[in-house]
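[1] Below are the sequence and a predicted model for it; my questions follow.
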Amino acid sequence: MGNQQLPGMPHPWPLTVTRTGDGRAVAVHAGPMLLSAFGAGDLEMRDLVICALTEGSRFQGRTVAAAFGIQPSQVSRIRSRYREHGARGLARQMGRPPILSPARLRQARQWAGQGLTHAEIGRRLSVSRSRISELIKQHGTLPAPSPLFEDEDTEAAGTGPAGRDGEDTAPAGTAGQGAGGSGDDRDDAEGASWRVARRIESGTVACRYAGAMLVHAFTSRIGAQGLLTAGTGASAGTGAGAGDMGILVCTQMSFTLGALTLEQAKHLTAADAGALAGLTRLPSLRTWRQRLGELADGSDPLALQRRLASQMLAIEPAESQVYLADDHLAEYTGHQAVALGRNPRRGKPAKGHDDTYICDLAGRAITFTTGEPSALCTTLPGALAALTGALPPRDKPGEGNRPLIVFDRGAAFPGTLAEVDAAGYDWLTWRRAPLAATRHLPVLQAITMRGNRARQVAWTDEQITLKGYGKPVRQLSLFEHGEMVAQAITARLHACPAELPGWLRGRWAEENMFKYDMASYGLDMLADYAADEVTSTKLKANPAFTAAKKAETAATSALAAAEIALAKLLADHTIPAKTRNDVLIPRAQKKIDTCKQKLQATETERKRHRAKLPANEIDPAATRAVLHINRRCLQLTLRLLAANAEHYLARHLNAYLDDHDEYRAITRETIIRGLAGTITYTPKNITVTLDRPGQPRIARALGLLLTEINTRPPTLPGDGRPITYTLQQSH
């Protein structure tokens with residue numbers, strides 16, 4: 001029967017909840033019967049009564065919620081806690097707020113004075129955010145302590161779990177042996193002090209991110225410390241505090257662990273992630289963001305790009321001296337009048353930065369340029385200039401061995417091709433439509449692809465001339481089912497024909513770089529939304545020209561209509577000849593002459609105006625916003641360091657793993673981001689002991705990779721201590 005009413009039964013008694021006159025007690029009635037009474041502040045008893053009514057007396061949740069004046073969803077949560085934990089579950093959710101000792105309260109007020117959020121303070125002291133807000137509202141904030149008393153205050157507040165989460169306390173296992181110093185570094189040039197975590201001098205850290213320490217094998221080999229120090233003016237930071245290099249390394253390691261922005265770094269375990277940079281913890285977010293911005297504002301973006309490219313090419317030269325170029329739009333979602341560029345992923349214009357990357361055939365991002373949105377034909381020469389400055393002297397263009405640049409149709413214009421050739425590079429691209437007819441019949445030939453697969457290809461190979469390009473050009477036309485499907489053109493006249501489609505197909509290495517590095521390392525993330533408002537000189541349609549063009553079009557249409565009317569008049573045999581010859585034809589001819597005069601006048605007026613004018617000439621108040629690039633360039637450099645470190649480790653791991661399908665994912669997710677272990681710091685060296693992966697083949701390959709790395713032990717940037725890697729023995 002369920003909850004249906006039986007015939008003849010009395011109606012159920014209504015449920016009512018009343019309070020006494022002084023509001024201190026609550027009574028629950030079912031009709032005339034008193035079911036329960038309890039104190040108004042006894043919320044545990046209230047929840048227990050609610051459970052008794054809904055579970056035993058079969059009152060509906062909505063009815064009980066309405067009687068107690070609460071939401072039905074709250075009744076559902078109370079019942080869920082009761083069903084899962086019983087009456088103990090109801091009491092566990094309540095209770096008095098924890099009482100803070102005077103020292104811990106003073107520390108909370110000092111942290112609030114330094115700008116920490118109430119939620120962060122509550123996390124450090126194991127207190128709810130609302131309780132911290134109540135205490136700060138009641139007692140106010142205190143200014144930050146002086147460095148002389150900082151350690152004393154931290155020690156007073158650092159009892160229990162809260163002490164381990166303090167700004168300058170050492171992670172578990174380093175107590176009594178941890179880093180010395182006050183944790184305050186001073187920028188003498190600026191005169192400002194900023195708090196960071198302290199450096200770990202000795203001790204053992206159980207780190208959930210220990211696999212990420214392998215990244216230092218790459219950054220140490222390319223000299224990341226010298227690269228960042230020279231490009232940003234950062235101090236090496238060899239003292240007790242983290243220093244500028246510690247800030248940069250923490251940023252790079254956060255990107256390595258998958259934090260695409262600094263905000264997402266808050267979700268990392270601060271002590272474990274900080275240990276990857278040799279610090280007790282990650283810096284506070286406010287300190288981190290502020291100092292990173294200062295370093296970026298004082299950096300030289302061009303020097304950063306060139307040093308990164310030159311040092312990467314120094315350790316691993318590009319295969320076959322073939323480079324891939326393409327651009328990519330990083331969207332800006334702010335309100336400022338930033339220039340528009342086409343976003344091919346969404347198929348419509350969008351505001352943002354235009355980044356042009358040059359990669360090698362292995363998919364490593366070698367160099368990049370960033371600026372206002374534009375086309376590849378405009379940005380490619382600047383990207384090539386950055387690459388030219390990074391190439392080793394013996395391989396510079398013009399010295400016999402010209403590198404090859406492969407790009408898509410976006411830059412396949414004769415003017416751009418001439419600029420690429422003048423820069424000392426051969427080029428290879430697809431021809432823009434319409435495709436040209438060939439002078440020879442296609443040749444059918446078998447080519448051998450990877451895996452010893454043979455494929456029949458029909459093609460023609462000939463030399464042509466392009467209008468606007470003064471040198472011979474090689475044209476390779478591909479046919480399928482007797483029809484031409486594509487044409488490749490190149491300035492490299494003597495390469496094997498089969499190599500040309502292979503290099504064009506190799507452009508997918510760059511497309512994959514965009515796809516995976518954007519998802520894993522945030523290449524399309526903006527560093528900030530700061531922009532300068534400048535006078536807009538961008539060419540826009542001239543309103544006077546547009547109006548004159550419309551008038552000319554209208555005059556052309558009127559002339560065409562008048563001539564058609566005359567033709568119809570001449571063909572109409574129903575009109576008397578005298579009327580047609582003496583009246584209608586002269587009238588139609590006069591109208592045509594008038595239309596011709598008007599058309600000539602509109603053509604003259606249209607030629608008086610330029611089709612496009614600078615925006616500030618059309619509207620003197622026209623402005624545009626130019627996004628800052630220094631912070632973005634620094635973050636892109638750090639992101640590329642993280643991405644290329646994974647690429648370096650993956651290629652070396654795959655030499656032992658031999659898994660061409662999954663080696664990148666295994667390196668990134670299983671080893672770098674998924675492998676825990678212990679990091680042992682001593683004054684002279686660092687030892688990383690990694691947990692053994694579950695799959696024997698991965699464990700074997702990783703063991704061999706660690707042996708290879710240990711032949712040239714890397715060093716921690718800004719620290720100098722060599723790192724030795726070991727793999728935990730199987731049990």
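    That came through, no problem.

[2] where does the stretch 51-200 of the chain dip in pLDDT?
    Applying pLDDT under 70 to the stretch 51-200 of the chain flags the ranges 56-58, 91-99, 144-196.

[3] One more pass at 80, please.
    Where the stretch 51-200 of the chain drops to pLDDT under 80, the residues are 55-59, 81, 84-103, 114-115, 123, 126, 143-197.

[4] show me where it has strands.
    184-187, 192-195 (DSSP state E, counting those that start in this stretch).

[5] Just the mean pLDDT for stretch 292-302, thanks.
    Stretch 292-302 carries an average pLDDT of 86.

[6] typed the wrong thing, it's stretch 623-643
    90.

[7] Confirm that L653 sits in a strand.
    No - assignment of L653 by DSSP: H, G, I helix; E, B strand; the rest coil gives helix, placing it outside any strand.

[8] tell me the pLDDT at the nearest residue to it once chain neighbours are set aside?
    Leaving aside its chain neighbours, L653 sits nearest to L705 (5.1 Å; criterion: CB to CB, 6 or more residues apart in numbering). (Glycine included, C-beta is placed from N, CA and C.) With respect to pLDDT, L705 scores 95.

[9] so how far is V583 from L705?
    Going from L705 to V583 by CB to CB, to the nearest Å gives 99 Å.

[10] out of those two, which sits in the busier spot?
    Regarding L705 and V583, a neighbour count based on other CB atoms under 10 Å identifies L705 as having more, with 23 against 12.

[11] Now do whatever helix or strand E605 lives in: which elements does it pack against?
    Per DSSP states H and E, E605 falls inside helix 585-607. Contacts defined by 3 or more CB pairs under 8 Å, 6 or more residues apart in numbering; DSSP states H and E place helix 585-607 against helix 543-571.

[12] Could you check the angle the helix it packs on makes with helix 585-607?
    160 degrees (axes from the mean of the first three to the mean of the last three CA atoms, to 10 degrees).

[13] Now do the buried residues in helix 543-571.
    Across helix 543-571, burial judged by 16 or more other CB atoms under 10 Å covers F545, A548, K549, A551, E552, A555, A558, L559, A562, L566.

[14] can you list the residues you listed in TSV and add pLDDT and distance to D408?
    Conversion of those to TSV gives the following (pLDDT from 0 to 100; distance: CB to CB, whole Å):
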residue	pLDDT	distance to D408
F545	93	33
A548	93	38
K549	94	33
A551	94	40
E552	94	37
A555	94	42
A558	94	45
L559	94	44
A562	93	49
L566	89	52
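
[15] Which one of those is nearest to L649?
    Checking the buried residues of helix 543-571 against L649 by CB to CB gives F545 as the nearest, at 58.2 Å.

[16] got a list of what the residue lying closest to the closest one once chain neighbours are set aside touches?
    Closest residue to F545 apart from its sequence neighbours, by CB to CB, 6+ apart: H609 at 4.0 Å. Under the criterion of CB atoms under 8 Å, 6 or more residues apart in numbering, the neighbours of H609 are N542, A544, F545, A548.

[17] just W111 next, same as before
    Neighbour list for W111: E120, I121, R124 [criterion: CB under 8 Å, 6+ apart].

[18] which residue packs closest to Y681, ignoring adjacent ones?
    I200 (4.8 Å).

[19] Could you report the neighbour count for the one you found?
    26.

[20] how far away is it from L716?
    Using CB to CB, I200 is found at 10 Å from L716.

[21] list residues touching both of the two?
    By CB under 8 Å, 6+ apart, the residues touching both I200 and L716 are G278.

[22] Touching, I464 and V473? I think so.
    Yes - assessed by CB atoms under 8 Å, I464 is found in contact with V473 at 5.5 Å.

[23] what about these two, which has more around it?
    For I464 and V473, the more surrounded residue by other CB under 10 Å is V473, and the numbers stand at 18 against 14.

[24] need the contact list for the more buried one.
    Q463, I464, T465, L466, I489, T490, A491.

[25] Of those - the most surrounded one?
    Ranking the contacts of V473 using other CB under 10 Å puts I489 first, with 22 neighbours.

[26] Any figure for the gap between that one and V688?
    51 Å.

[27] repeat for I618
    From I618 to V688 the distance is 63 Å (CB to CB).

[28] More neighbours: which of these two?
    V688 (22 against 16).

[29] CA atoms only for stretch 333-348, dumped as PDB, please.
    The C-alpha coordinates for stretch 333-348 follow below in PDB (Å, rounded to 0.1, in the frame of the first residue of the first chain):
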ATOM      1  CA  THR A 333      39.600  36.900 -23.500                       C
ATOM      2  CA  GLY A 334      39.900  40.300 -21.900                       C
ATOM      3  CA  HIS A 335      37.900  43.500 -22.700                       C
ATOM      4  CA  GLN A 336      40.700  45.500 -24.300                       C
ATOM      5  CA  ALA A 337      40.800  46.300 -28.000                       C
ATOM      6  CA  VAL A 338      43.500  43.700 -28.900                       C
ATOM      7  CA  ALA A 339      44.000  43.000 -32.600                       C
ATOM      8  CA  LEU A 340      42.100  40.100 -34.100                       C
ATOM      9  CA  GLY A 341      43.700  37.000 -35.700                       C
ATOM     10  CA  ARG A 342      42.100  33.900 -37.200                       C
ATOM     11  CA  ASN A 343      41.800  30.900 -34.900                       C
ATOM     12  CA  PRO A 344      41.700  27.800 -37.200                       C
ATOM     13  CA  ARG A 345      40.500  25.600 -34.300                       C
ATOM     14  CA  ARG A 346      37.300  27.700 -34.000                       C
ATOM     15  CA  GLY A 347      37.200  28.900 -37.600                       C
ATOM     16  CA  LYS A 348      36.600  32.600 -36.700                       C
END
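
[30] Only the buried residues of that stretch, if you could.
    Q336, V338, A339, L340, G341, R342, N343.

[31] so what's the backbone phi/psi at the residue lying closest to the last one once chain neighbours are set aside?
    In this structure, N343 finds its nearest non-sequential neighbour in A350, 4.3 Å apart by CB to CB, 6+ apart. With angles defined as degrees, to the nearest 10, A350 sits at phi -150, psi 150.
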